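>>> Dropping a prediction and its sequence here:
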Amino acid sequence: MSTDAPTPAPTPSDPGGGPQIGADEWVRRSGERTGGSKGVVGFLNRVADRTPHILLLLAFLGFACAIPFLTSNGYVIGVATDTMLYVLLAMGLNVAVGWAGMLDLGYVIFYGFAAYLFAELSSAHYGIHWATWQSVPFVIACTILLGFVLSLPSLRLSGDYFAIVMLFFLEIFNNFTANGYTWNWFGLGSPHDITGGPTGITNIDPWRFFGHALDPNNAQNYLWVASAGVFVIAILLAYVNKARTGRAWRALREDPLAANLMGMPVKWLGLLAIAVGAGVAGFAGTVNASYYQGVFPDAFTLQLLITIYAMVILGGAGSLGGVIFGAVAVNVMLEVLTTPNHARWVFYAAVLLGLVAKVRPWKVLAAVLGGLVAFGLIAHQVVEAVWARGVGGPIAMGPTSYTTHGFFATLIRQWMVLPKGTYENADYRIGNYAFVIVIAMVLTCTVLKGWKRYVLLVPTIWGAAFVWETDLVNQGPTTRYLLLGLLLIGLMATRPNGIFGQQRVEIV
Amino acid sequence: MSGILAFQLYDWHFFFQQVIAGVTVGSLYGLIALGYTMVYGVLKLLNFAHGDVYMIGAYIGLFVLTALGSPLNPILPLLPMILLAFAASMAGCSILGVVIERFAYRPLRNAPRIAPLISALGVSFFLQQTAVLLFGANPRTYDTFDLEKNEAGVGVLFHTKTVGNFSIQYIELVVILSTVVLMAALSLFVWRTRTGKAMRAVSVDREAASMMGIDVDRVISITFLIGSALAAAAGVMTGLIYQQLNPYMGFGTGLKAFTAAVIGGIGNIGGAVLGGLLIGLIETFTVAYLSSTFSDLILFSLLVIFMLFRPTGIRGTPVLQKV
Amino acid sequence: MSESQAARTPLLELRELSVSFGGLRVIDELDIQVAEHEIVSVIGPNGAGKTTLFNLITGVYRPDGGDILLDGQSLVGLAPHKITERGVARTFQTLRLFLNMTVKENVMAAQYVRTKATLIEQMLQLPRARREEREMNAFAEEKLGFFGERLMGYRWNQPAYSLSYANRRRLEIARATATRPRILLLDEPAAGMNPVETHEITELIGKLREEAGFTILLIEHDMHVVEGISDRVVALDHGVKIAEGTFEQVATDPRVVEAYLGASATVTK
């Protein structure tokens, strides 16, 4: 957003079904009731509009903090704690990206820097053990300072180039943390171990309040700490958003030149937005370091950055509530996809929901579903007749467990072609080839129209289920990021403002 | 350590080796940078996924070579096998590039600027994980060193030709020459053909170009096709020289290549290759003489400084904007 | 305009102002003075450099030569938001509202420069922040009220994109006045308006001077507006001042006629 090279007269894009410029007030009022308010999302939006937001926040946090009392499953509590950390990160990124409209591609640097600094100050690494009330505020202050420093290039560079420079900083950070155990000032000094290298820094002090240490093995402690942080930070940020700086940020996002000419110091506001986001990430970093009890270089990479962006964009950049939702939705989805048995149901549920939502009228829907079932059964019989080893394999339940028993297992095994040996020998080659073919089929489906599309849809969905069962379902970490990537692409094409984001008029 | 530095400065043979190595890797950066610069020229889009297309190209080459029995039991002689790897890789990635543009970027032509960037990140993720899915997360290798070994156990591609202090490996020669040829071909295409002219028109003013009867969609598809093919070629060559592939190698290399495009002046073809050579040389010399573990840190720090002082690049012209 | 007014230091003064873009001299040795509470119109054919003039005054472009003085102090080299702080506000030829923000927020955002509450005060809702917020709210309503009932009541919380074209133009003027300027630069405020709206805008500009005391520098093509409201008119062509005086004097100046109609046109009055 360069303000020293004013752009030519901006022309509003034609938003199509979205908000219209100059649309008469009556039209807009009726638009309020129907536009962007369809279905479940619309209902939730209306509920959210009518309830004081503080109540919504308390309800959410109350539920989250109650989880350790609702279940004693350590895994679930751990996921909840992770989710809370992501909520913090999403809120922080929202300041720069959602409110000020800046592309902050170095955000994970702040997260990682804070975690590492906390680790250096409160662990066995250097033997220093700062008290929690000293190290946490100090680390946050340093991270905010780093935020100002790293955002300085935005004073000279426009949006895209500034984004590139942030990526450079990210590479520098990753290089340093991964190799920082033999730092010798390029031959001028003796080797120092600053960052612990690939193995990172471990044995980090837990947080201590009034002499009482928070046991990191009991995730609920950090769940409550993180929730308290979310509460405080959400309130602070919400207040800023309604005050003059928040308005100035939003004006900056709308039109940096006009904002500058209306008296708002846009360059400083840009620095401020990134620094505030860095502060939030800084707090999250301190929690991260002591909860995980270790900091490692490959935890703060581009992959994490894209994940946080996915959360912010999915929820609706610019909406605090939206990004909180996005963080929860994305992280829960990623976790669910890690266990094959859960992942399977997510897949089938998603396919079913997608079909029900998109395929109208119901006769066509019934035809597609019927065709799907028939296709599977027929394919099963055909393959069984032709290639004996082609069917009869078990379905995956867990990373190394699979079964042939159970009601659903039998159903699926009859409908699906599951080659024997897929899991015992970890031989996914058929799944791999099928993967490429199914991708091609999916893309073809999107370009076909009318009945041809529905006809191709049947084998495509079956093929996707085939790939899912024989390959993807068992490779959690890969599958989940694969789907996250697809989610981002699909999201940008259909709802670039996210699920709860407001439909905006954009000047192109 | 500084003692070693002083010693190496006097070793001319080593010095020239580094020059050649730098030019070689720089050529690869240049090839990838061409794709970035052309796409940014026509679409003003930072195509984050381009580096991963390069990575996929390398893997397609690997697939072909291993299918043909390389390195220990090749069923074809060396040259046809390598050419086949190139052909398959470039063809596959051309299609991939066109498909990516069609499905991930074209719907977003009129969306806010951040949308195609996010979509590109999504594509990047998708390609990386696809590579992990299809080829495994562990590094794979071309094993070209073992191809047609001589008695000393050195593959034929790595035989060196020495003239005095100056020595070069065959594979390095191949890379540098191919880059020169490809760059010349691309320049000819852009400056002497109608489609090339159409590409230039679209990058100056897309709307006006479409009103002049140019099929903008087709031109953009061709841009992606060419850029991806070049990246694929770079990928196969990477495999041939450096042998090791991993699914995450696209990002770092892509970032350096994009910077090469920026350094050379975005939209400028010669500049992209020039930028690539510059970065390749700086990187190689940093590794050789300063520090190999922190070479990335040094390189990117230098790039930050460069961007701050000359964001329009060496051969770019400061853009004149009229209100 | 009385002689005593002319003798005072002008509020805005451009001295030998010049700027070139890529070898093309867009503004050439321009001298303009605007006294306080005056309404001066700048006219000229397209490409004469009028909007460039506004861009120079507001700091978007830096002049190659000459000076821009507000109340005797130079504005050259200052960042645009600093110039606004000194008391210069403008509207845009092609409307640059904060479309996705509400009507009231547009006007409140422009008050940033006149308020002081720091980030911490805002986050913690300390007294100064709350007080300023109330004041900004009231001030915004007052500024919007200047336009009658059109931008009042339920309109405050509507997104700016939902306003009609004429209302958006009015909102942009309201937003500019919210920066508490000494001088308002209005860039074609009547563009695209029908005769009724044009008449209203003309009256509005008069009202801005009479009731609110603003000094106004106006770019306009619609001669009805120029004739109806200007104390003085300055005519530009190719970045050079070719005439200055009352509307009658400028409208009949042969060089002005030639600039608009071409050299072979004869003047009939």
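Structure's in. What do you need?
>>> What residues does the residue of the stretch 151-269 of chain C found nearest chain B make contact with?
Among the residues of the stretch 151-269 of chain C, C:D187 lies closest to chain B, at 10.8 Å counting by Cβ to the nearest Cβ. In short, each C-beta sits where N, CA and C put it, glycine included. Neighbouring residues of C:D187 by Cβ atoms under 8 Å, 6 or more residues apart in numbering or on different chains: C:50-51, C:54, C:90-93, C:219.
>>> Report the distance from stretch A:157-174 to the chain centre.
Chain-centre distance of stretch A:157-174: 21 Å, with Cα atoms, centre = their mean, to the nearest Å.
>>> again, but for stretch A:140-157
With Cα atoms, centre = their mean, you get 24 Å for stretch A:140-157.
>>> before we move on, the earlier item: tell me what the residue of the stretch 151-269 of chain C closest to chain B is bridged to.
On the basis of DSSP bridges, C:D187 is bridged to C:I219.
>>> what about it, distance to C:V113?
According to Cβ to Cβ, to the nearest Å, C:D187 and C:V113 sit 20 Å apart.
>>> next one: C:L11
For C:L11, the distance to C:V113 - Cβ to Cβ - is 19 Å.
>>> from memory A:L488 sits against B:A120, does it?
No - judged on Cβ atoms under 8 Å, A:L488 makes no contact with B:A120 at a distance of 9.0 Å.
>>> So what's the residue count around C:A138?
Residues lying near C:A138 (other Cβ atoms under 10 Å in any protein chain shown) number 10.
>>> which residues sit against the helix or strand where it lies?
Counting by DSSP states H and E, the element that carries C:A138 is helix C:127-145. Residues outside helix C:127-145 that contact it (Cβ under 8 Å, 6+ apart) are A:242-244, C:103-104, C:107-108, C:111, C:115-117, C:121-122, C:151-152, C:155-156, C:171, C:174, C:177-178.
>>> mind listing the helices for the stretch 151-300 of chain B?
Taking DSSP state H, counting those that start in this stretch as the criterion, the stretch 151-300 of chain B carries its helices at B:170-192, B:194-204, B:206-211, B:216-242, B:249-263, B:269-285, B:295-309.
>>> Can you tell me which helices and strands the longest one packs against?
Here helix B:216-242 is seen to pack against helix B:12-43, helix B:50-67, helix B:78-100, helix B:170-192, helix B:194-204, helix B:206-211 when contacts are counted using 3 or more Cβ pairs under 8 Å, 6 or more residues apart in numbering or on different chains; DSSP states H and E.
>>> Tell me which of those helices sits nearest to B:A131.
B:A131 lies closest, by Cβ to Cβ, to one member of those: helix B:50-67, at 5.7 Å.
>>> For the stretch 201-323 of chain B, which residues score under the pLDDT cut-off?
Within the stretch 201-323 of chain B, the ranges that satisfy pLDDT under 70 run B:313-323.
>>> For it, which residues are neighbours of chain A?
For the stretch 201-323 of chain B, the residues found near chain A under the criterion Cβ under 8 Å from any Cβ of the partner chain are B:251-252, B:255, B:258-259, B:262, B:290-291, B:293-294, B:296-297, B:300-301, B:303-304, B:307-308, B:311, B:319, B:321-323.
>>> Taking the residues you listed, please make a PyMOL selection of just the buried ones.
PyMOL command restricting these to the buried ones, with burial defined by 16 or more other Cβ atoms under 10 Å in any protein chain shown:
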select buried, chain B and resi 251+252+255+258+259+262+291+293+294+296+297+300+301+303+304+307+311+323
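>>> Domain map for the chain?
In the absence of a named chain, chain A is used. Here the domain parsing of chain A from automatic domain parsing is A:25-336, A:342-474.
>>> You answered for a different chain; I wanted chain C.
Split by automatic domain parsing, chain C gives C:1-87+C:181-269, C:99-180.
>>> mind checking the end-to-end distance for the last one?
Start-to-end span of domain C:99-180 (Cα to Cα, to the nearest Å) is 22 Å.
>>> so how far is that domain from its chain's centroid?
Relative to the centre of its chain, domain C:99-180 is centred 18 Å away, using Cα atoms, centre = their mean.
>>> dump the residue contacts of A:V356.
A:L365.
>>> Which strand or helix spans it?
A:V356 belongs to helix A:340-358 when assigned by DSSP H and E.
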